[in-house]
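Asks: just a sequence and a predicted model for now, questions to come.
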Amino acid sequence: MLRPARDRARLLCGLGAGALLLWSLAGSGVLGGPVLNPAGVGQLTRFAAGALHPDLSGELLGVLARATLVTVAYAVLGAGLAVALGALGAVAAARTTWGRRRAGWVAVRGALAVPRGLHEAVWGLLLVGVLGLDPWVGVLAIGVPYGAVTARVFADLLDEAPHGGYEALRAAGAGAGVAVLYGLVPEASGGMLSYAFYRLECAVRSAVVLGLIGAGGLGQELALSFTSLRWEQVWSAVYALAALCLLADVAGRAVRRRVAAPPPRATGRRDPVLTGAVLATAALALWSAWFLALRPATLVDGRTLDQLGTLLRAAWPPAGDGPLLSEIAVRAVETVQMSVLAIAVAVAGSLVLAGVAARAPRGTGAVRWAAGAAVRAGLLLLRAVPAPVWALVFVFVLLPGPLPGALALGVHTLGVLGRLSAEAVEELDPRPVAALTALGAAPLGRWLYGVLPGVARPATAFALYRWEVALRDTVLVGLLGAGGLGVLLSARLAAFDWPAVATVLAATVLLTLAVDLVGARVRAVLR
Amino acid sequence: MPRPRAARSGGPEHARTAIGRPAPRRPGPGPGRPTFGRRGFLTGSALAMAAALAGCGDRRSPVGPAPSGALSVGAIPDQDPEVLARLYGTVADAMSAALDLEVVYRPVTDYAAAVSLFRTGDLDLVWFGGLTGVQARLQTPGAVPVAQRDVDAAFHSVFVVDAATGLAPADDLRALAPLRFTYGSETSTSGRLMPAWFLRRAGVDPQGFPGGPGFSGSHDATLALVGSGSYQAGVLNEQVWAARTADGSVAPSVVEYARTPAYHDYHWLLGPAAVDRLGADLPDRVRSWLLGLPPGDEVLELFGAGSFLPTDASAYDQIEAIGRELGLIT
Amino acid sequence: MRYGPSTALDGVDLTVRAGERVAVVGASGAGKSTLLAVANGTVAASSGSVRVLGADPAALRGRELRRLRARVGTVHQHLQLVGPLRVVHNVNAGRLGSWSGPRAAWSLLHPQGVAEVAEALDRVGLAGRLHERTDRLSGGQQQRVALARLLVQRPELVLADEPASALDPALADTALTLLAGLAGERGGALLACLHDPALALRHCDRVVGLVGGRVVLDAPAGTLTVAGLESFFGVHR
């Protein structure tokens, strides 16, 4: 047998995942008693009926159009800031830069975990406290956490790029920074560009979440209608959002495909499509800065520094009393359980749907095409409806507890994961499946033996990555009995108890870091 | 030749996991290697940065604060946003005409954000609930309560239950203890603070409901959740209860169980920054306009009030004490 | 037979009888692979008629079509195995045409018919490799897994597209002997595209030559020589 140790590690991961899932299920109460609330079907129907009759009055559409512009501007500037921060941070976070000085590398990676560990909405709430009503709130709330993620990814890209040129430059006496710039950045630029556009897609969704805390844009309009449960209006906003997500997905995907498989060119040094996309994005960023009237001076003016000082003084020293710490421990367990259930739901769903959601090759029947389009549209709506809305909708038909919260996160994550898995299916070599067709396999057999084995690996990798995201998203869905650290954070924020907020945030960061480390370990085993 | 597969070893974790399509490895820099418009990208970013750094003239941000010559008005988001928009559109117009000031209404979606924005001076005159008003006043030295409605001096919350619980209206709140129970927003005075206080006084742990209490986020959501049966009981603002009962939008399964005793609730709070900017007589001007509104005035109608009355900080001492006791003011 | 604007097969009139072992030779792009695809019913002819084991695959749908396909076994030039699957599942995939959906699913968790799979692997010289991941095997080993898949499929008509391209000469002979034997077991035929004239002459009793999608040669193997075939088709070892 080849690599038995590896197989054992994989088996252990599998068993661990199973145990984790069982433990989470037990925590959710599914195993012990009724969870359904059939009486709530009426409310669910009202929500669903809104989907068929969105409010299309001219006044609302005008408001939504303007809000859409704000959301676009936030997303573009936030992603742009993230890429800029990521590029700067990448050199500091690359293993290559540190060489054998591991301590420095670990310190930088640890520092990057702090901005990454806090949800964009939490960043938004903190920034509102410092900057007040200012467009920087939205831009920074997206740009800072995304910047940390991007720095990490860019650093990985640099580390994994071929090092020949870099080492030659170093040998010739170039400094580390210059050598990275000349020797590694060109090698990694394709991957970086791909990732930058992927971040832009994600930023659209994050910009919406920011609206929920009042930073403006589509999310804010959605939140306003959601507060009074005007589902027709909520759906109008959701459709606007879905359209925006679709646009970002399609454009981002086109760019990423182009990067991955550049068309053969005779002489051209530059791909006109990619150059166009980059310039268009840059132009959009310019427009966004103008539209939001972003003023850099605001970041360092007296009032901002004053408020920042007030906040920091209020939060220092962080609370460390026993009751708080023990509540944090209990809530952290709930958070992990909720995120595990959410990911399980999303993975199961995306494995089932990926095959249908993948764009069918040319020449397949109309039924298959229609099914694919319907599933893709469904996934788009799943991710366009923000998690807090799903949470309320699930509490209509399920009894309050961790389950509705986990399902809310699960279906929202399914929207994202399903699409990524469908893309992985599209990437699959079609020939093994064709061979199975040729020997008479039925559709189920083809899916089980041809599609599933190829997608399971990338889907698991996506899932581990999204686990961290789901963990942070639990902040959004905890208030209806689901629990988790989000409940605690929300309660302490509502009371303006800054020392306790600081402690809860630190716990959140540590938890995110732990999940990240576990995820990285499992990914390494699965590779 | 087999095609390159996604998710082979090599390629960074996130690039692979998040992008799903790793960039093909090239053996090394060759003469014909495409550069993916890197220069264009750098130039574009630099331009965007430059534009941002240069500032954007005197354009007003669609999400930014009101101009310094204007009075910005806001409200906690506990009411129907449509009503709020109409309410404050009307209020802003009327106030602007009466005070000869530019008045801008800023919708807010989060209770805590309303308090923070009041502290930073982005909101000058805010229609706060009892608790949020106290929080805002404590964080913003110099803030003054300007006025309250006639109904706010004796406000009530309504405990509602799902008819399936079989509970008949009564004064004994202890019957609620074994039920799945939801409050409204966490720092809502009528949807959380005062009900929790009266529950505690009746010997019910306000956090001790089975599975912990829910926080629906708004009075309407509380009604919907009790109406769906997910929560067996809840509590909300008596005004919203009256309005929803009158327009028939409450599910028939939701019935009133009890009413709290009276307490002070909503009030207008004026920030110190506005006084600095717009003149020391601003509190008096605002107050006299509000108090002088004739009965039947449109503004009063929208607020569901017979009149506005003067108020002062001491009216909310009870709320402050209760807030401290329940850990909502620290 | 047309693929878009270009014609892959043109006026091919070929009948393979039960028990025959036919080698198809020709340069790359001569239409060999297309001929096999038409024969196993995965590509429909744009004109003319095709009968496979007495049925027209283009006229069949759903279950009927799958039943016909299960009787035709194909070894592909590019293996077309599922890399991340274990060897046992890739071999068992040969039975997907006859297995029910639940049985196929259960087999992924608890492999079915392991004895038969082990025997097939033994016959192709991969004994004991049952539980390895297929994409960890070498190209030659993978080609033998594909042969083992065919062994458990037990088809009546065996179509082979360069079944020996990744094997060393000794193994190539073994592989073709296996394929010929397999076709013989059920009284069926073997239709093999071969790059190597010597292999064709050793294992087949009829050679069909394709140039530009047309049949230019159809003769018993005994009447041909390796040198003659090489010079005729410009193929080189």
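Replies: Looks like it came in fine. Residues are numbered from 1 along each chain as shown, chains lettered A, B, ... in the order given.

Asks: so which bits of chain C are right by chain B?
Replies: Contact residues (C-beta under 8 Å from any C-beta of the partner chain) of chain C with chain B: C:78, C:83. In this view, the C-beta of every residue, glycine as well, is placed from N, C-alpha and C.

Asks: make sure A:L131 is actually in contact with A:V300.
Replies: No: using C-beta atoms under 8 Å, A:L131 is not in contact with A:V300, being 11.2 Å away.

Asks: of the two, which one has the most company?
Replies: Taking neighbours as other C-beta atoms under 10 Å in any protein chain shown, A:L131 and A:V300 compare with A:L131 leading, 23 against 8.

Asks: chain neighbours aside, what residue packs nearest to the more buried one?
Replies: The spatial neighbour of A:L131 that comes closest, neighbours along the chain excluded (C-beta to C-beta, 6 or more residues apart in numbering or on different chains), is A:V137 at 5.3 Å.

Asks: how about the closest residue to chain C within chain A, secondary structure?
Replies: Of all residues in chain A, A:G440 sits closest to chain C, with a separation of 2.7 Å (C-beta to the nearest C-beta). Applying DSSP: H, G, I helix; E, B strand; the rest coil to A:G440 yields a three-state assignment of coil.

Asks: for it, give me its contacts.
Replies: C:65-72, C:96-98 (C-beta atoms under 8 Å, 6 or more residues apart in numbering or on different chains).

Asks: which of the residues you listed come close to chain A?
Replies: The subset of those within reach of chain A, by C-beta under 8 Å from any C-beta, is C:65-72, C:96-98.

Asks: check B:R26 and give its pLDDT.
Replies: At B:R26, the pLDDT value in this model is 38.

Asks: please enumerate the helices of the stretch 151-300 of chain A.
Replies: A:164-171, A:176-179, A:185-212, A:218-227, A:231-260, A:272-292 (DSSP state H, counting those that start in this stretch).

Asks: ok, now chain C?
Replies: Secondary structure of chain C (DSSP state H): helices at C:32-39, C:62-70, C:87-92, C:101-109, C:114-123, C:139-153, C:169-185, C:197-203, C:226-233.

Asks: what's the most buried one of these?
Replies: Mean neighbours per residue, mean count of other C-beta atoms under 10 Å in any protein chain shown, is largest over the helices of chain C for helix C:87-92, with a mean of 26.

Asks: now for that helix, which elements pack on it?
Replies: helix C:101-109, helix C:114-123, helix C:139-153 (3 or more C-beta pairs under 8 Å, 6 or more residues apart in numbering or on different chains; DSSP states H and E).

Asks: just the angle between the first one and helix C:114-123, please?
Replies: Put simply, helix C:101-109 runs at 60 degrees to helix C:114-123, going by axes from the mean of the first three to the mean of the last three C-alpha atoms, to 10 degrees.

Asks: one step back: just put the helices of chain C in JSON lines and tack on mean pLDDT.
Replies: Putting the helices of chain C into JSON lines (pLDDT from 0 to 100) gives the following:
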{"stretch": "helix C:32-39", "mean pLDDT": "83"}
{"stretch": "helix C:62-70", "mean pLDDT": "84"}
{"stretch": "helix C:87-92", "mean pLDDT": "90"}
{"stretch": "helix C:101-109", "mean pLDDT": "85"}
{"stretch": "helix C:114-123", "mean pLDDT": "91"}
{"stretch": "helix C:139-153", "mean pLDDT": "87"}
{"stretch": "helix C:169-185", "mean pLDDT": "84"}
{"stretch": "helix C:197-203", "mean pLDDT": "85"}
{"stretch": "helix C:226-233", "mean pLDDT": "75"}
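
Asks: what's the closest of the contacts of A:G440 to C:A30?
Replies: Of all these, C:A30 sits closest to C:V72, with 21.7 Å by C-beta to C-beta.

Asks: in what helix or strand does A:L505 lie?
Replies: Taking DSSP states H and E as the criterion, A:L505 maps to helix A:498-526.

Asks: average model confidence for the helix or strand hosting A:E423?
Replies: Under the criterion of DSSP H and E, A:E423 resides in helix A:402-427. Regarding helix A:402-427, the rounded mean pLDDT is 90.

Asks: same thing with stretch A:14-21?
Replies: Mean predicted confidence for stretch A:14-21 is 91.

Asks: and for it, what's in contact with it?
Replies: With contacts defined as C-beta under 8 Å, 6+ apart, stretch A:14-21 is touched by A:340-341, A:344.

Asks: how does it look with 6 Å?
Replies: For stretch A:14-21, the external contacting residues (C-beta atoms under 6 Å, 6 or more residues apart in numbering or on different chains) are A:340, A:344.

Asks: so B:V250: helix, strand or coil?
Replies: What three-state DSSP gives for B:V250 is coil.

Asks: helix or strand: which one has the residue lying closest to it once chain neighbours are set aside?
Replies: Sequence neighbours aside, B:R244 is the residue nearest to B:V250 in space, at 4.9 Å (criterion: C-beta to C-beta, 6+ apart). According to DSSP H and E, B:R244 maps onto helix B:238-246.

Asks: could you export that helix as CSV, CA atoms only?
Replies: Output in CSV follows, covering the C-alpha atoms of helix B:238-246 (Å, rounded to 0.1, in the frame of the first residue of the first chain):
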residue,chain,number,x,y,z
GLU,B,238,-48.5,49.4,23.1
GLN,B,239,-48.7,51.9,20.3
VAL,B,240,-47.5,49.3,17.7
TRP,B,241,-49.9,46.8,19.2
ALA,B,242,-52.8,49.2,18.9
ALA,B,243,-52.0,50.2,15.4
ARG,B,244,-51.5,46.6,14.1
THR,B,245,-54.7,45.5,15.9
ALA,B,246,-56.6,48.4,14.3
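
Asks: distance of C:G73 from chain B?
Replies: Going from C:G73 to chain B by C-beta to the nearest C-beta, to the nearest Å gives 22 Å.

Asks: thought that residue was touching C:P155?
Replies: Yes: using C-beta atoms under 6 Å, C:G73 is in contact with C:P155, at 3.1 Å.

Asks: relative to A:L325, how far out is A:A507?
Replies: Distance of A:A507 to A:L325, computed by C-beta to C-beta, to the nearest Å: 9 Å.

Asks: and these two? Which one has more around it.
Replies: A:A507 (22 against 12).

Asks: nearest spatial neighbour of the more buried one, skipping sequence neighbours?
Replies: Nearest in space to A:A507, with sequence neighbours left out and distances taken as C-beta to C-beta, 6+ apart, is A:I328 at 4.8 Å.

Asks: touching, the one you found and A:L505? I think so.
Replies: No: checked against C-beta under 6 Å, the pair A:I328 and A:L505 is beyond contact range at 10.6 Å.

Asks: joint contacts of those two?
Replies: Residues within reach of A:I328 and of A:L505 at once, by C-beta under 6 Å, 6+ apart: there are none.

Asks: hmm, stretch A:49-67 touching chain B?
Replies: No: Stretch A:49-67 lies out of reach of chain B by C-beta under 6 Å from any C-beta of the partner chain, never closer than 6.8 Å.

Asks: break chain C down into its domains, please.
Replies: Per automatic domain parsing, the domain ranges recorded for chain C read C:1-71+C:156-237, C:81-154.

Asks: adding distance to B:F128, write these out as TSV.
Replies: Putting these into TSV (distance: least, C-beta to C-beta, whole Å) gives the following:
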stretch	distance to B:F128
domain C:1-71+C:156-237	68
domain C:81-154	60
